[in-house]
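Visitor: here are the coordinates; sequence isn't available:
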């Protein structure tokens with residue numbers, strides 16, 4: 001864990017997270033603990049997570065870079081956070097079907113934000129950097145991951 005990054009994001013908080021990986025039928029396949037670290041700059045946040053698990057997971061996204069033999073994958077999508085009892089409109093259903101929106105349930109109010117991240121695996125540990133609604137570019141996320149890999 002770093003106290004901060006060259007791009008000015010500094011450590012704010014960290015926690016241990018209890019994870020539960022589920023299969024397509026919502027059956028639990030593995031539970032494990034991971035670490036989550038929040039970094040902040042000017043009101044924007046980026047989350048760095050690290051966890052070790054044995055379940056096979058295919059890295060999603062497009063290959064963004066290879067740093068010291070480690071493949072970094074970039075993902076980006078528009079997320080619509082909605083309350084648990086939200087009823088999707090026809091427009092919502094079409095947007096989800098087309099891949100224009102990803103829905104997250106359980107929010108207090110409806111909000112739409114851009115989510116982007118970089119993920120990689122090194123020595124059996126899975127890492128990710130995620131920003132929701134922030135201004136980091138694709139390249140800046142790659143450079144931040146490169147700083148972490150160099151540690």
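Guide: That came through fine. What you are looking at is a predicted structure, and each value in this text was computed from that prediction instead of being measured.
Visitor: in this protein, which residue is most central in space?
Guide: The centroid of the chain falls nearest to residue 130 when counting by Cα atoms, centre = their mean (3.8 Å).
Visitor: what sits up against the host helix or strand of that residue?
Guide: Secondary structure from DSSP states H and E places residue 130 in strand 125-132. Strand 125-132 is contacted from outside by 44-53, 57, 79, 113-121, 141, 144-145, 148, using Cβ atoms under 8 Å, 6 or more residues apart in numbering. The C-beta positions use only the backbone N, C-alpha and C, and glycine is treated the same way.
Visitor: buried residues in stretch 120-139, which are they?
Guide: 120, 126, 127, 128, 129, 130, 131, 132, 134, 136 (16 or more other Cβ atoms under 10 Å).
Visitor: can you tell me how far the third one sits from residue 11?
Guide: Distance check for residue 127 against residue 11: by Cβ to Cβ, to the nearest Å, it reads 16 Å.
Visitor: what's the pLDDT at the closest residue to residue 44 other than its chain neighbours?
Guide: Closest residue in space to residue 44, ignoring its immediate chain neighbours: residue 134 at 4.2 Å, by Cβ to Cβ, 6 or more residues apart in numbering. At residue 134, the model reports a pLDDT of 93.
Visitor: what about residue 134, which helix or strand?
Guide: Using DSSP H and E, residue 134 falls within no helix or strand.
Visitor: for it, grab phi and psi.
Guide: Backbone torsions of residue 134, given as degrees, to the nearest 10, read phi -100, psi -180.
Visitor: and stretch 33-52, average pLDDT?
Guide: 93.
Visitor: which positions in it come out as buried?
Guide: For stretch 33-52, a neighbour-count test (16+ other Cβ under 10 Å) marks 34, 36, 37, 39, 40, 41, 45, 46, 48, 49, 51 as buried.
Visitor: now the residues you listed in JSON lines, with secondary structure?
Guide: Formatted as JSON lines, the buried residues of stretch 33-52 follow (DSSP: H, G, I helix; E, B strand; the rest coil):
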{"residue": "34", "secondary structure": "strand"}
{"residue": "36", "secondary structure": "strand"}
{"residue": "37", "secondary structure": "strand"}
{"residue": "39", "secondary structure": "strand"}
{"residue": "40", "secondary structure": "strand"}
{"residue": "41", "secondary structure": "strand"}
{"residue": "45", "secondary structure": "strand"}
{"residue": "46", "secondary structure": "strand"}
{"residue": "48", "secondary structure": "strand"}
{"residue": "49", "secondary structure": "strand"}
{"residue": "51", "secondary structure": "strand"}
